[in-house]
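Q: Mind folding the following:
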Amino acid sequence: MCPSLVAAAGMACLGGGLWAVAEEEQSGGGGGAREASVITRTEARTLTLSIPGPRGLITDREGQPLAQNRVGHYFALQFAHLEDPGTEEILSWARKRIGHAQSLAGETWPVEDEELLAHYEDRRWLPFTFSSIVDPEKTEEYGAKLMEGLVLHPVYLRHYPEGELAAHVIGYVRSKGKLPTGPINAGDPLFEDSYGDAGLEKFFDDELSGTAGERRVIYDSKGNKRLDRQARRPRVGHTVVTTLNLEWQKHAESVLAKSCRRGALVVIDIPTGEVLVLASRPSYDINRWVPRISEEEYEKLRDDPSKIMFARAYQGQYPPASAFKPVVALTALTNNTVQEWTKIECPVKIKIGDKWFHNHSKYPDGAISVKRAIARSNNCWFYQVGIQTGPRSFLSLAKRLGFGSKTGLPLHGESPGRVPTEQYVRKTLGRGYTDGDTANYAIGQAWEATPLQVAQAMAGIANGTVLPRLRLIRQVQDAKGRVLSAPGPEARNPLMLDPDAVDVVHEGMHEVVHGSGGTGQRGALSFTGIAAKTGTGQWIPAEDRKVAWYAGFLPYENPRLAFAVLYEGDSGEDVSGGRKAAPMVPKFFEPLKDELELMIKPPSKALIVSEGGGTGDGETEEGAEGPAGGVLAALPVERIEGDTGSAVAFPVEPEEPEELGGMPMPPISVENAPAAIPVEEEGDETAEEGEE
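A: This is a model prediction of the structure:
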């Protein structure tokens, strides 16, 4: 087991270090613990206290900690037994020690007299904490200088070792409430406990929550401690192992930081559906919630103009723009609306109804086939083919590819995206789809998707047979490392595509990056071929804001990883997928070349999964990871003799079409919709805006 996971189990022993078993006779005690009685002697107490259990770890796929625990300390008063003290004596005793702590730390902490007096009256047997968390590097130094009655009170604290890394995914914890006041009750906690309030901390709060320990303390009639025993140690919660790759996530967030002010980068392992990278920019340091965040600081984060608490990777809803065009092409080819060799005339603009719809370029592409249309991202081709194919068909495939519905991952506040439905159009406008609507939908405008959904769709397109069900959790372990649950790869939806159509679209997406005049040439890699699609979408027209996309999969010949990059532009900024989003892909993947070359090495022959979950011959092929590696080696790498497209790479659980749709959106009629969103082409610096 990974050392960090062993450390998780070891956290259960912290209780022993914090609250050591101790039975000691105090000098001058005069009588044993049996004499203690709250009825006959006011200073005698038998206390049963709760020690909050530490939360379990959240780790990356290799066991590296993303959320863990540490021991923190507060300055606290441990009141001495004062014989018949008055108010002034109590306050003088307390203020002297508070002043000493403040001089040590060089800080000032406000403490009301009423708090001190109330604690002495009802809870003087327990430490009274009054400071902020002590600097961990100063704990030993301060401990050697404490005066009698001033202690460093230990507590468990949540800690996020990577700070801002994957902050939106991990989430944060909050205090369950301040410590009780008034008379001491059985089971009162020694320090504040916490609960998950966002992200994985919230979704897995039950699993992560530790089990409280128990401490018994007895004081005699003179206030002398007679017994201090840990009756039950606190137990650490379970460990949640995510599918994220810590080093890749760090690298992705670094690439985003150097390439954009706002954006997202998602990477998915296609055979398993595991999310390896889920990065959003900007982010924030989750440690600001520990031990608690002030209302003022929270409002500052919440109201930040850059919306740093907004997870753009899975909460941001953007028009998918031309990154959606492969879906239209797949539908048209599968339905025989067009053939691979069909050529369609593509001028600089076409008239639909009484409106002109423009291509991205001021120069015509002439008569082109589907592969050239994908490579050149020709709007006019997709306007015409989208209308011929019909929105019901290509939007139905969009839903099977996961658009318009949540992925089902344990993500706090995930957006479902919005796919237009005819039912909603009829209900709100009293009509069905118009050709103008269809033209806009076909180029990915007038509806919305998240970067996570776009990457998920690319995983489905790469597979060609089914949409993998995404996974963010590899397994849940107990503190001893025993696996409690470990979901395996499975399918979400069958795609029902013609295998030949899939091959043609893959070739077109390959030409986007590697073909003459392709729009994604800046996104090429030196060590493998990529199939991808650029996109530029008009996002907030009133603010003249656009978004740029680059999404696809690699390697082209034997897809293993799907990705999506989003660049969110400023108001008035000239952006395009080819210039802004595509370059981030080589920036991310090139430094990982050695690791990726080993990872994407194809198996010696195609592997097909039987309904029983194994390969056809029961053997694991050379170069393919078996169950121990967590990979369902099922993605065909070559055409199987007699294959009709019915073989699937995952166990299929069909869903009813009506269950696949997301939230309907108010339709944008052709009169109000942007007619043609320019997509920057390689070498085309004079992209023309469409007319309204």
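Q: helix, strand or coil for the residue nearest the centre of the chain?
A: Nearest to the mean C-alpha position of the chain, by C-alpha atoms, centre = their mean, lies residue 169 at 3.0 Å. Look at residue 169: counting by DSSP: H, G, I helix; E, B strand; the rest coil, its state is helix.
Q: wouldn't it be in contact with residue 199 here?
A: Yes: counting by C-beta atoms under 8 Å, residue 199 is a contact partner of residue 169 at 5.7 Å. Every C-beta, even on glycine, is put in place using the N, C-alpha and C of the backbone.
Q: Need the overlap of contacts for the two.
A: Common contacts of residue 169 and residue 199 (C-beta atoms under 8 Å, 6 or more residues apart in numbering): residue 411.
Q: Tally up the residues packed near the residue lying closest to residue 192 once chain neighbours are set aside, please.
A: Counting by C-beta to C-beta, 6 or more residues apart in numbering, residue 192 lies nearest to residue 175, which is 4.8 Å off, once chain neighbours are set aside. For residue 175, the count of nearby residues is 17 (other C-beta atoms under 10 Å).
Q: Against residue 290, how distant is residue 175?
A: Look at residue 175 and residue 290: by C-beta to C-beta, to the nearest Å, they are 10 Å apart.
Q: now do residue 319
A: For residue 319, the distance to residue 290 (C-beta to C-beta) stands at 38 Å.
Q: more crowded one of those two?
A: Neighbours around residue 319 and residue 290, counted as other C-beta under 10 Å, are more numerous at residue 319. The numbers are 26 against 20.
Q: who's in contact with that one?
A: The contact partners of residue 319, by C-beta under 8 Å, 6+ apart, come to 444, 445, 446, 447, 448, 449, 537, 538, 539, 547, 677.
Q: Relative to residue 549, how far out is it?
A: Residue 319 is 9 Å from residue 549, by C-beta to C-beta.
Q: With residue 291 instead?
A: 41 Å.
Q: what about residue 575, how many neighbours?
A: 21.
Q: And the closest residue to it other than its chain neighbours, how close does it get to residue 278?
A: Leaving aside its chain neighbours, residue 575 sits nearest to residue 569 (4.0 Å; criterion: C-beta to C-beta, 6+ apart). Distance check for residue 569 against residue 278: by C-beta to C-beta, it reads 22 Å.
Q: picking that back up, what's opposite the residue nearest to residue 192 in the beta bridge?
A: Note on residue 175: beta-bridge partners residue 194, judged by DSSP bridges.
Q: So what does the residue nearest to residue 235 when sequence neighbours are not counted have for phi and psi?
A: Ranked by C-beta to C-beta, 6+ apart and with sequence neighbours excluded, the top spatial neighbour of residue 235 is residue 211, at 4.0 Å. Main-chain torsions, residue 211, degrees, to the nearest 10: phi -100, psi 130.
Q: So residue 211 sits against residue 233, correct?
A: No: counting by C-beta under 8 Å, residue 211 stays clear of residue 233, with 9.2 Å between them.
Q: Those two: who's more crowded?
A: Comparing residue 211 with residue 233 by other C-beta under 10 Å, the one with more neighbours is residue 233, at 21 against 16.
Q: Does the more buried one touch residue 215 like I think?
A: No: Residue 233 is not in contact with residue 215 according to C-beta under 8 Å; the separation is 9.8 Å.
Q: list the residues that contact both of those two?
A: Contacts common to residue 233 and residue 215, judged by C-beta under 8 Å, 6+ apart, are residue 51.
Q: In the stretch 151-300 of the chain, where is pLDDT below threshold?
A: Low-confidence regions of the stretch 151-300 of the chain, defined here as pLDDT under 70, do not occur.
Q: no no, the stretch 401-550 of the chain
A: Residues of the stretch 401-550 of the chain meeting the criterion pLDDT under 70: none.
Q: In this model residue 176 seems to touch residue 195, though I could be wrong.
A: Yes: look at residue 195 against residue 176 with C-beta under 8 Å: they come within range, at 5.5 Å.
Q: out of these two, which sits in the busier spot?
A: residue 195 (15 against 11).
Q: which ones are touching that one?
A: Residues near residue 195 by C-beta under 8 Å, 6+ apart: 173, 174, 176, 205, 209.
Q: Likewise for residue 196?
A: By C-beta under 8 Å, 6+ apart, the neighbours of residue 196 are 171, 172, 173, 202, 203, 204, 205, 208.
Q: Just give me the closest of the residues you listed to residue 579.
A: residue 171 (34.6 Å; C-beta to C-beta).
Q: Not counting its neighbours along the chain, what's nearest that closest one?
A: residue 199 (2.0 Å).
Q: Residue 325 now?
A: residue 382 (5.4 Å).
Q: Dihedrals phi and psi, that neighbour?
A: With angles defined as degrees, to the nearest 10, residue 382 sits at phi -70, psi -30.
Q: do you know how far it is from residue 370?
A: Residue 382 sits 10 Å away from residue 370, going by C-beta to C-beta.
Q: joint contacts of those two?
A: Counting by C-beta under 8 Å, 6+ apart, the common neighbours of residue 382 and residue 370 are residue 329.
Q: which residues touch the residue nearest to residue 192?
A: Applying C-beta under 8 Å, 6+ apart to residue 175 gives the contacts 192, 193, 194, 291, 292.
Q: Neighbour-wise, give me the winner out of those residues.
A: residue 194 (24 neighbours).
Q: Quickly note the distance from it to residue 438.
A: Taken as C-beta to C-beta, the span from residue 194 to residue 438 is 52 Å.
Q: Buried residues of the top helix by length along the chain, list them for me.
A: Determined from DSSP state H, the single longest helix within the chain is helix 87-105. Neighbour-count burial for helix 87-105 flags 90, 91, 93, 94, 97, 98, 100, 101, 102, 104, 105 (criterion: 16 or more other C-beta atoms under 10 Å).
Q: Among those, which pair sits farthest apart?
A: Comparing every pair within the buried residues of helix 87-105 by C-beta to C-beta identifies 90 and 105 as the most remote, at 23.1 Å.
Q: hey, where'd the helices end up in the stretch 1-150 of the chain?
A: 3-10, 14-18, 87-105, 113-123, 139-143 (DSSP state H, counting those that start in this stretch).
Q: quick one, which of the ones you listed is nearest to residue 161?
A: Proximity to residue 161, assessed across those by C-beta to C-beta, is greatest for helix 3-10 (9.8 Å).
Q: List the residues that contact the residue nearest to residue 235.
A: Contacts of residue 211 by C-beta under 8 Å, 6+ apart are 53, 234, 235, 237.
Q: And it, how far from residue 205?
A: Counting by C-beta to C-beta, the gap from residue 211 to residue 205 is 14 Å.
Q: ditto for residue 72
A: Distance from residue 72 to residue 205, by C-beta to C-beta: 21 Å.
Q: Tell me which stretches of the stretch 501-650 of the chain form helices.
A: 584-589, 593-599.
Q: Go through the ones you listed and find the least confident stretch.
A: Note on these: lowest mean pLDDT is at helix 593-599, with a mean of 95.
Q: quick one on the thing from earlier: what about the residue nearest to residue 575, how many residues nearby?
A: Quick note: residue 569 (other C-beta under 10 Å) scores 24 neighbours.
Q: what do you get for residue 177?
A: Residue 177 has 10 nearby residues by other C-beta under 10 Å.
Q: What values do phi and psi take at it?
A: Here is the backbone geometry of residue 177 (degrees, to the nearest 10): phi 140, psi 160.
Q: next one: the one 3 residues further on
A: With angles defined as degrees, to the nearest 10, residue 180 sits at phi -60, psi 160.
Q: Tell me which residues touch it, please.
A: Residues near residue 180 by C-beta under 8 Å, 6+ apart: 188, 189.
Q: same check, this time on the one 10 residues further on
A: In this structure, residue 190 makes contact with 19, 49, 50, 51, 52, 126, 155, 215, judged by C-beta under 8 Å, 6+ apart.
Q: What about the second one, how many residues nearby?
A: Residue 49: 22 surrounding residues under other C-beta under 10 Å.
Q: before we move on, the earlier item: among residue 72 and residue 205, which residue is more densely surrounded?
A: When residue 72 and residue 205 are compared for neighbours, residue 72 comes out ahead with 22 against 17, by other C-beta under 10 Å.
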